[in-house]
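> Got a predicted model here, sequence first, then my questions.
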Amino acid sequence: MVAVTLSLQLIAWTVIVLVIMRGIPGHRRAVTIGAGIGFALGVAGVLVMYRLLPGRVPLGMIKTALGVSFFFLWTIAVAAIYRSNVRDFPLLRWGWFVDTPLSAWTGAIMAGIVAGSIIACRLPGFDIAAIQLLAFAALALAGALLASAARAVERLLPSLITVTPSALLAAVVALLLFCSSSLLRLDLFSPLSMKVMKGIHDFVHQFMESILIPDHIFIRPAIWGYIGILFGKEVGFWGGMVIWFTPAILVALAIYCEPLPSVAHIRQGAQRRRLLADAIRTQRYRLVIPAVAVVALAAAAYQSSFPSVEYWDPKPLAVTATPAGEILIPKKGEVDLEDGKLHKYLYKRGDKEVRFFVLMTPDGKLTVDLDACAICKPDGYGQAEGTIICYYCKTLIPLDTVGKPGGCNPVPVPFTERADGVHIDGMSLVNNWTRTVQATTRVKEGNK
Amino acid sequence: MAETIIETSGLTRSYGDICALKPLDLVVSEGEWLSVMGHSGSGKSTLLNLVGGLDRPSNGSLRVGGEDLLALSEDGLARFRREFVGIIFQQHHLVPYLTAVENVMLAQYFHSVPDEAEARSALERVGLGHRLKNRPGELSGGEQQRVCIARAIINSPKLLLGDEPTGNLDHSSTVMVMELLKELRAEERFTVVMVTHNQEVAAWGDRTIYLDDGVLVREERMRS
């Protein structure tokens, strides 16, 4: 699976180089060399981090770089659509910079560093340092070779396909986001959807619930059913989609809305029409690159929504309580509680069912938590890549923060750790579930 | 001295065992009006099709407007026809469900982009300003042929080919069409190659060549 993902990412990398090359056509050689060097630097950077900070590669840096580039794309896209109508915009007075050695080197190296570091994070961990070094070196070499291959492929592309600076940025950012979306901790789409969902939640909560509804005599309680819809993850998903695709679509629209050249001074009708037809054709072919960006963003959103990562999500084991109401889970029983994996359990008391899990965090402490948080519907958690993930909102929670309350973290359950195992009070477990989880379910389902 | 626009050398076209055009050497100058006469099956239309890039020769060389037509790909040939040649047929070949102006705009569309104002103006030039919205079925033969002329010249071709354009017209319509062509040629300075059976029509040209069984048998220069 890693090989397939790596291949897709390397293909995306080749397309990135190809797009930069076509966007800066006067400096193909600089783009090829710059991209190769940048990619190798990105890979080397991740390797150094692996060696210096084992298990703690600062993915946040890469994620921040991606987020900043996406924000920059948004700015450029808005400026481009503005310029397509008004003709001038200070931010887009970059004609002098577009096809220069400086832009070729800078663009290629920066894209290379980000792409190289993202793709290097996809490499599996190796216990033997020499093998790890070899794998990283092979990846750096592959990236450099593919940058050269992109030069050959670029020559085969129809010359009509040209790239505007804003389309270049859109395609490169979209392809980088595609590369990152296959890695849970670098994925930007799910957090974006989550932010939208939280934003809507907070807005509704603060504005509607706290201020308007209680004071308004005409608003009936039934309206809660409709407000409940706004709390669904679908709203976050579609809101995220709008934010995700808008810049690429704006860039395409900007190209589509660009005014055609003035031909009024040309006397011969056929020549006049020919010039217009050429301009329209050029404009249409310019839309190819924003279309590539849209496809890459769609693929990224798909990867994010349906990740190929296999979550560790064991079937909950049924547990019972002693007559005194205590649940005992042995450390070395049916499962080994200290193996660092998520172990799920199901406790039934009367008509109540409670799902919870036991996990040993990276700092060696056991934690017992409900298989649900205080915010989302209790869809539960899976474990992957040093995190657990909330199935409902796709929020990733680092293993070392599991056991701490708040946010989308699983709700901690009081327990006692003894030599024989973990002791939990059945009654407090059920109360905890009822108090937080079932209340949350009602809100999410609109008081049904 | 006028430049050469058509130059053929040993130009041949065979269909299986039948040789429709035997090795032909021909030079046509830019701006010239050449009439091509001959009996049915003498190779007139074959020559016209070859010169217009509608057909490919079996042998020989053919340069039109500086382009070696034998070296052009199908796309190149289509571009050549689109930008260099205008053709008027005896049977008009107008699209029956489009109006006169739409028929002219269709030629613009295949060339570049349609421009209704320009198409209207072209029809006004050929005296059909009052028949813009009529379909071919509502026009007389002469009027239809004038629509064809507007369609043929709308893209400012360097070479106008006519395949018996007056073959279906009565005398007065024929004279009207020929006068119109002469007028347009003077304005637009295109070269005309016109195939005809009619000696009177051929006489409108600067020069007439006679084909017989695919062979150029005679050439006659008209007195202006």
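That came in fine, so what should we check first?

> mind listing what's buried in the helix ranked longest in chain B?
The residue-count maximum for a helix in chain B (DSSP state H) belongs to helix B:171-188. Across helix B:171-188, burial judged by 16 or more other C-beta atoms under 10 Å in any protein chain shown covers B:Ser173, B:Thr174, B:Val175, B:Met176, B:Val177, B:Met178, B:Leu180, B:Leu181, B:Leu184, B:Arg185. (C-beta placed from N, C-alpha, C; glycine too.)

> Now these in a markdown table, please, with extra columns for distance to chain A and pLDDT.
Below are these laid out as a markdown table (distance: C-beta to the nearest C-beta, whole Å; pLDDT from 0 to 100):
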| residue | distance to chain A | pLDDT |
| --- | --- | --- |
| B:Ser173 | 27 | 83 |
| B:Thr174 | 28 | 87 |
| B:Val175 | 28 | 89 |
| B:Met176 | 24 | 85 |
| B:Val177 | 22 | 85 |
| B:Met178 | 24 | 89 |
| B:Leu180 | 18 | 87 |
| B:Leu181 | 18 | 87 |
| B:Leu184 | 14 | 88 |
| B:Arg185 | 16 | 89 |
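
> sorry, back to before: how distant is the longest helix of chain B from the center of its chain?
13 Å (C-alpha atoms, centre = their mean, to the nearest Å).

> and what of stretch A:296-309?
With C-alpha atoms, centre = their mean, you get 8 Å for stretch A:296-309.

> repeat for stretch B:105-124
Distance, stretch centre to chain centre, for stretch B:105-124: 18 Å (C-alpha atoms, centre = their mean).

> per-residue confidence averaged over it?
Throughout stretch B:105-124, pLDDT has a mean value of 93.

> for chain B, what spans make up the helices?
B:44-51, B:74-84, B:100-111, B:116-125, B:141-153, B:171-188, B:199-202.

> for the first one, which positions count as buried?
Same thing as helix B:44-51. Within helix B:44-51, the residues that count as buried by 16+ other C-beta under 10 Å are B:Lys44, B:Ser45, B:Thr46, B:Leu47, B:Leu48, B:Asn49, B:Leu50, B:Val51.

> again with the fourth one
Taking 16+ other C-beta under 10 Å as the neighbour-count basis, helix B:116-125 is seen to contain the buried residues B:Glu118, B:Ala119, B:Arg120, B:Ala122, B:Leu123, B:Arg125.

> helices or strands next to that helix in the packing?
helix B:100-111, helix B:141-153 (3 or more C-beta pairs under 8 Å, 6 or more residues apart in numbering or on different chains; DSSP states H and E).

> same thing but at 10 Å, please
helix A:269-286, helix B:100-111, helix B:141-153, helix B:171-188 (3 or more C-beta pairs under 10 Å, 6 or more residues apart in numbering or on different chains; DSSP states H and E).

> Just want the angle from it to helix B:100-111.
Compare the direction of helix B:116-125 with that of helix B:100-111 by axes from the mean of the first three to the mean of the last three C-alpha atoms, to 10 degrees and you get 120 degrees.

> what angle do helix B:116-125 and helix A:269-286 make?
Using the same axes, to 10 degrees: helix B:116-125 against helix A:269-286 is 160 degrees.

> Wait, B:Asp115 touches B:Ser121, no?
Yes - applying C-beta atoms under 10 Å as the test, B:Asp115 and B:Ser121 come out as touching, 9.2 Å apart.

> Look up how far B:Glu118 lies from the nearest residue to A:Met194 once chain neighbours are set aside.
Setting aside the residues directly before and after it, A:Met194 is nearest to A:Cys393 in space (C-beta to C-beta, 6 or more residues apart in numbering or on different chains), at 5.1 Å. Distance, A:Cys393 to B:Glu118, using C-beta to C-beta, to the nearest Å: 60 Å.

> okay if I get the buried residues of helix B:44-51 as CSV plus pLDDT and distance to chain A?
CSV is the format used below for these (pLDDT from 0 to 100; distance: C-beta to the nearest C-beta, whole Å):
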residue, pLDDT, distance to chain A
B:Lys44, 91, 28
B:Ser45, 90, 26
B:Thr46, 93, 28
B:Leu47, 93, 26
B:Leu48, 93, 22
B:Asn49, 93, 23
B:Leu50, 94, 24
B:Val51, 94, 20
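
> could those go into a markdown table alongside distance to B:Val215?
Output for the buried residues of helix B:44-51, formatted as a markdown table (distance: C-beta to C-beta, whole Å):
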| residue | distance to B:Val215 |
| --- | --- |
| B:Lys44 | 12 |
| B:Ser45 | 15 |
| B:Thr46 | 12 |
| B:Leu47 | 11 |
| B:Leu48 | 16 |
| B:Asn49 | 17 |
| B:Leu50 | 15 |
| B:Val51 | 17 |
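
> Residue numbers of chain B in contact with chain A?
Where chain B comes near chain A, counting by C-beta under 10 Å from any C-beta of the partner chain, the residues are B:82-83, B:107-109, B:111-115, B:117-119, B:121-122, B:153-157, B:188.

> switch the cut-off to 7 Å
B:Gln108, B:His111, B:Ser112, B:Val113, B:Asp115, B:Glu118, B:Asn155, B:Ser156 (C-beta under 7 Å from any C-beta of the partner chain).

> Of all pairs in those residues, which one is the farthest apart?
Spatially, the most separated pair among these is B:Val113 and B:Ser156, at 14.5 Å (C-beta to C-beta).
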